[in-house]
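Novice: Generate coordinates for the sequence data below:
(one chain, ligands or ions: 2)
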Amino acid sequence: MATKGNNLSDFDKTKLPEAKDFKIGLVVAEWNAEITENLFQGAFDTLIEAGVIKENIVRWNVPGSFELIYGCKKMAESFAMLDAIIAIGNVIQGETKHFDFVCQGVTQGIRQLNVEGDIPILFCVLTDNTKQQSIDRSGGKHGNKGTESAVAAIHMAELKKNSKFYEL
Ligand SMILES: Nc1c(NC[C@H](O)[C@H](O)[C@H](O)CO)[nH]c(=O)[nH]c1=O
Ligand SMILES: CC(=O)[C@@H](O)COP(=O)(O)O
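Specialist: Residues are numbered from 1 along each chain as shown. Ligands and ions are numbered 1, 2, ... in the order given. Next up is the predicted model:
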C-alpha cells in the first residue's frame, strides 16, 4: 500500500499501549538534516503525546544513514534497558548507484540488528527519488514517517516488555 493516499501521521491514540514506563532511543543521521530533524520532531512529539517521559528518551546523532547501523548497535549495547530504538535517516537518489548501496546497506544492517539483538529497532529511513518526496513524508502532505515510526516503536516496546500468552 503506497504512502500516497494514506497519511503517515494518522493513528488512533486510544489504541496505543500505556507508554509512561517505556525507554526509547533515537539515532538520527545528519545527512539531509532539514528532513531528518523533521522526522525526529515528529517521532519525539508522538512519543510525548503517547505518554513517554522526556527523561526516558535518549538521542544520538551519526553522520549519515549508513552509520545508523553502528549507532543503533552501540546504543543497544550501551543501554540494555531501552524498550525500542528508532533509526532516523533520509537517503535521496543522486546521479550514481551509491543510493542503492546506502539504502540496501542500512536496510540489511538494521534488519540484522533486529535478528541478533533484543531491542526492537524501527526503520525510519526515507529512501526517496526526489527531495520533494522526502519533504512530503517528513511533515508534508503525506504526513510524517517519524510519527508512524514512533507509534510502531510503542507497540514493539509493549511486545518486548509485556508480551503475554493470551488465551485465544
Ligand atoms: N547520500 C546520502 C548519504 N550518504 C552518506 C552515507 O550514509 C555514509 O555516511 C557515507 O557513505 C560514509 O560511510 N547518507 C544519507 O543519509 N543520505 C544520503 O542521501
Ligand atoms: C545516496 C547518495 O549517496 C547520493 O546522494 C550521492 O549522490 P551521487 O550519486 O550523485 O554521488
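
Novice: can you pull out the helices in this structure?
Specialist: Remark: helices assigned in the chain by DSSP state H are 33-49, 68-78, 98-116, 131-136, 145-162.

Novice: Would you mind telling me which of those helices is nearest Glu18?
Specialist: Each of these was scored for nearness to Glu18 using Cβ to Cβ, and the closest is helix 145-162 (8.2 Å). All C-beta spots, glycine's among them, are computed from the backbone N, C-alpha and C.

Novice: Tell me the helices and strands packed up against the closest one.
Specialist: Secondary-structure packing of helix 145-162 (3 or more Cβ pairs under 8 Å, 6 or more residues apart in numbering; DSSP states H and E): strand 24-29, helix 33-49, strand 84-92, strand 121-128.

Novice: what about the closest residue to ligand 2 within the chain, neighbour count?
Specialist: Ligand 2 sits closest to Gly94 of the chain, with a gap of 2.2 Å, by Cβ to the nearest ligand atom. Neighbour count for Gly94, taken as other Cβ atoms under 10 Å: 9.

Novice: Check Glu30 too.
Specialist: By other Cβ under 10 Å, 14 other residues sit near Glu30.

Novice: Using CSV, lay out the helices of the chain together with distance to ligand 2 and mean pLDDT.
Specialist: Supplementary listing: those in CSV, determined by distance: least, Cβ to the nearest ligand atom, whole Å; pLDDT from 0 to 100:
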stretch, distance to ligand 2, mean pLDDT
helix 33-49, 12, 98
helix 68-78, 13, 98
helix 98-116, 4, 98
helix 131-136, 10, 98
helix 145-162, 17, 96
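
Novice: So for ligand 1, which of these sits nearest?
Specialist: Closest among the helices of the chain, using Cβ to the nearest ligand atom: helix 98-116, at 4.9 Å.

Novice: which helices and strands sit right next to that closest one?
Specialist: In this structure, helix 98-116 packs against helix 68-78, strand 84-92, strand 121-128, with contacts taken as 3+ Cβ pairs under 8 Å, 6+ apart.
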